[in-house]
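Trainee: Quick one: sequence plus predicted model below, questions after.
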Amino acid sequence: MIGTATPKVSLDTFTLTVPKADVSLFKSIAKKMGWKIERKRAAKPRLYDPETGDSLNDATMKVIEDARKGKNVIEVGSMDDYLKLVKDL
């Protein structure tokens, strides 16, 4: 039996950035061209404690990110004002 050899195709790997509005078009073009695409998402920022090996959960990270943006932040003038605020809760 005589078989046919499949020629080995030389491949190049690219990294590119696609605007969100064009992702659907890019995926359809890649599919039609027979390209293999892989989306790499940026890792979520985490605060890590090397002593315990634990990272903060999503809810805690959201509170920290919101506070950095000035969202849901309560300002108090002194520690006494803070303690009064906490006591009144």
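Mentor: In hand now; what should we look at?
Trainee: immediately after the lowest-mean-pLDDT helix or strand in the chain, which helix or strand?
Mentor: Within the chain, no helix or strand scores below strand 48-49, which has a mean of 82 by mean pLDDT, DSSP states H and E. Scanning forward in sequence from strand 48-49 by DSSP states H and E, the next helix or strand is strand 54-55.
Trainee: partner strands of that next one, parallel or antiparallel?
Mentor: Sheet pairing here is set by DSSP bridges, and for strand 54-55 it gives strand 48-49 (antiparallel).
Trainee: now the strand it pairs with: how far from the chain's centre is it?
Mentor: 18 Å (CA atoms, centre = their mean, to the nearest Å).
Trainee: Now I29: phi and psi?
Mentor: Comment: the main-chain dihedrals of I29 come out as phi -60, psi -50, following degrees, to the nearest 10.
Trainee: And it, what's its pLDDT?
Mentor: Per-residue confidence at I29 stands at 95 (pLDDT).
Trainee: State the distance from it to G53.
Mentor: In this structure, I29 and G53 are 43 Å apart, going by CB to CB, to the nearest Å. In short, each C-beta sits where N, CA and C put it, glycine included.
Trainee: Tell me which of these two has more neighbours.
Mentor: In this view I29 and G53 are compared by other CB atoms under 10 Å, and I29 has more residues nearby, 12 against 7.
Trainee: how about the helices in the protein?
Mentor: In the chain, the helices defined using DSSP state H lie at 23-33, 58-68, 79-87.
Trainee: Tell me which of these approaches T13 most closely.
Mentor: Minimum separation from T13 across the helices of the chain (CB to CB) falls at helix 23-33, 13.5 Å.
Trainee: Any chance you could give me the closest one in CSV, C-alpha atoms only?
Mentor: Once non-C-alpha atoms are left out, helix 23-33 reads as follows in CSV (Å, rounded to 0.1, in the frame of the first residue of the first chain):
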residue,chain,number,x,y,z
VAL,A,23,-13.0,40.1,18.5
SER,A,24,-16.0,38.4,16.8
LEU,A,25,-14.6,39.3,13.3
PHE,A,26,-11.1,38.2,14.3
LYS,A,27,-12.4,34.8,15.5
SER,A,28,-14.4,34.2,12.4
ILE,A,29,-11.4,35.1,10.2
ALA,A,30,-9.2,32.8,12.2
LYS,A,31,-11.7,30.0,11.9
LYS,A,32,-12.0,30.4,8.2
MET,A,33,-8.2,30.4,7.8
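Trainee: Thank you, goodbye.
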